[in-house]
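In: Have a look at this fold, sequence not included:
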């Protein structure tokens with residue numbers, strides 16, 4: 001049956017009134033978003049995912065059209081940012097002459113590094129993998145170093161892409177909260 005039941009619940013079982021996030025809840029969501037942004041730069045946590053999850057929790061509690069719109073926008077930005085952070089730096093490395101084999105070595109050593117050195121091992125392993133593969137391929141440090149610099153620039157670009165997506169998500173959430 002349509003309409004509220006005897007316990008004040010709507011047809012989907014949700015309370016009949018539309019709840020809004022309490023100020024403490026907004027602060028907690030904001031802190032989670034901030035931690036996610038820091039996690040993007042410091043690469044301690046899956047930062048962009050944490051930013052998205054904080055907005056998702058807010059939208060699930062808020063349950064307004066604006067909240068769902070912000071969550072949809074955040075979801076699109078996470079998808080675009082995630083794809084772009086891999087595609088664009090990889091393309092730039094290939095354009096700079098770093099072969100796919102060396103990129104693969106960087107990715108493989110990055111995965112190993114992730115487990116060997118928590119937090120920063122992914123980056124260290126990726127750059128070290130590029131350097132070692134290029135040193136073997138080109139026969140020395142001097143020849144391998146330019147490819148390693150391109151790998152470092154690619155890592156920086158990936159971080160910037162993810163940070164931009166996270167900041168856009170954060171700004172959209174903040175605007176929605178302030179506009180209220």
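Out: Thanks, I have it. Quick caveat: nothing in here was measured; it's all calculated off a predicted structure. Numbering: from 1, shown residues only.
In: Sketch out the low-pLDDT regions of this structure for me.
Out: Counting by pLDDT under 70, the chain contains low-confidence residues at 1-19.
In: Show me which helix runs longest in it.
Out: Assignment by DSSP state H gives helix 141-179 as the longest helix of the chain.
In: and that helix, what does it pack onto?
Out: helix 23-42, helix 47-62, helix 65-95, helix 121-138 (3 or more CB pairs under 8 Å, 6 or more residues apart in numbering; DSSP states H and E). Backbone N, C-alpha and C define where each C-beta goes, glycine included.
In: in the last one, what's buried?
Out: Right, helix 121-138. Across helix 121-138, burial judged by 16 or more other CB atoms under 10 Å covers 121-135.
In: try stretch 71-81
Out: Those would be 71, 73-74, 77-78, 81, for stretch 71-81 by 16+ other CB under 10 Å.
In: cool, stretch 26-40 as well?
Out: 26, 29-30, 32-33, 36-37, 39-40.
In: Just the residues contacting it, thanks.
Out: Stretch 26-40 is contacted by residues 21, 44-55, 57-58, 159, 162-163, 166-167, 169-170, 173-174, 177 when judged by CB atoms under 8 Å, 6 or more residues apart in numbering.
In: pretty sure residue 20 is in a strand, no?
Out: No - Residue 20: not assigned to a strand; according to DSSP: H, G, I helix; E, B strand; the rest coil it is coil.
In: give the contact list for the most centrally placed residue in the chain.
Out: With distances taken as CA atoms, centre = their mean, the residue of the chain nearest its centroid is residue 48 (2.5 Å). Listed by CB under 8 Å, 6+ apart, the contact partners of residue 48 are 36, 40, 78, 81-82, 162, 165-166, 169.
In: mind redoing it with 6 Å?
Out: Under the criterion of CB atoms under 6 Å, 6 or more residues apart in numbering, the neighbours of residue 48 are 78, 162, 165-166.
In: Export the helices and strands packed on helix 141-179 to a markdown table and append columns for distance to residue 113.
Out: Below are the helices and strands packed on helix 141-179 laid out as a markdown table (distance: least, CB to CB, whole Å):
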| stretch | distance to residue 113 |
| --- | --- |
| helix 23-42 | 16 |
| helix 47-62 | 18 |
| helix 65-95 | 17 |
| helix 121-138 | 2 |
